[in-house]
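Chemist: Got a sequence here, can you build the structure:
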Amino acid sequence: MAKILIIDDDQAVVSNLVQALKDKHEVLTVASGQEGLAQASSQQPDLIILDVMLPDLNGIEVLKALSRDIKTNNINVLILTNLSDHDTVSKIIAAGGREYLVKADLSINEITEKIESLL
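Modeler: Down below sits the predicted model:
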């Protein structure tokens, strides 16, 4: 059973992801970047699902902090956001983001298929 940390403040998205993943995986959720960094460091999840728009640190800042920390720099991170403009995508890639999905373009089943492929 893999441990997945969801860092997202959109309760509808979080609820749908938890429902889709909870039978196969241990799912942890937080609604802010700071909480996400703390949980990633202490819980050592197998995968982090990270939104870009968060109430404190944005997802790009979280991604940079994760990559700088020896405890978290090897954790797979899936960016799941509705931002798809060139500038945002460039910043995600520059921060080390390798996996990026646009929420509005995919069904929950398509998202969970991608999650399974990363585990």
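Chemist: Just checking, which helix or strand succeeds the helix or strand bottoming out on mean pLDDT in the chain along the chain?
Modeler: In the chain, the helix or strand scored least confidently by mean pLDDT, DSSP states H and E is helix 86-94, which has a mean of 83. Using DSSP states H and E, the helix or strand that follows helix 86-94 in sequence is strand 99-102.
Chemist: Pull out the buried residues from that next one.
Modeler: Of the residues in strand 99-102, Glu99, Tyr100, Leu101 count as buried by neighbour count, 16 or more other Cβ atoms under 10 Å. Where you see a C-beta, it was placed from the backbone N, CA and C, and this is true even at glycine.
Chemist: now that strand: mean pLDDT?
Modeler: Averaged across strand 99-102, the pLDDT comes to 86.
Chemist: Can you classify the closest residue to Asn73 other than its chain neighbours by secondary structure?
Modeler: Leaving aside its chain neighbours, Asn73 sits nearest to Ser67 (5.1 Å; criterion: Cβ to Cβ, 6 or more residues apart in numbering). Following DSSP: H, G, I helix; E, B strand; the rest coil, we place Ser67 in the helix state.
Chemist: Burial check on Ser67, number of neighbours?
Modeler: 15 (other Cβ atoms under 10 Å).
Chemist: How much space separates it from Thr29?
Modeler: Note on Ser67: its distance to Thr29, by Cβ to Cβ, to the nearest Å, is 22 Å.
Chemist: Strands of this protein, residue ranges please.
Modeler: 3-7, 26-30, 47-50, 76-81, 99-102 (DSSP state E).
Chemist: by how many degrees do the first one and strand 26-30 diverge?
Modeler: I take that to be strand 3-7. Angle between the axes of strand 3-7 and strand 26-30 is 20 degrees (criterion: axes from the mean of the first three to the mean of the last three Cα atoms, to 10 degrees).
Chemist: So for Lys71, what's the nearest residue that isn't a sequence neighbour?
Modeler: If the residues on either side of it in the chain are set aside, Lys71 comes closest to Ser41, at 5.0 Å by Cβ to Cβ, 6+ apart.
Chemist: Thanks a lot, catch you later.
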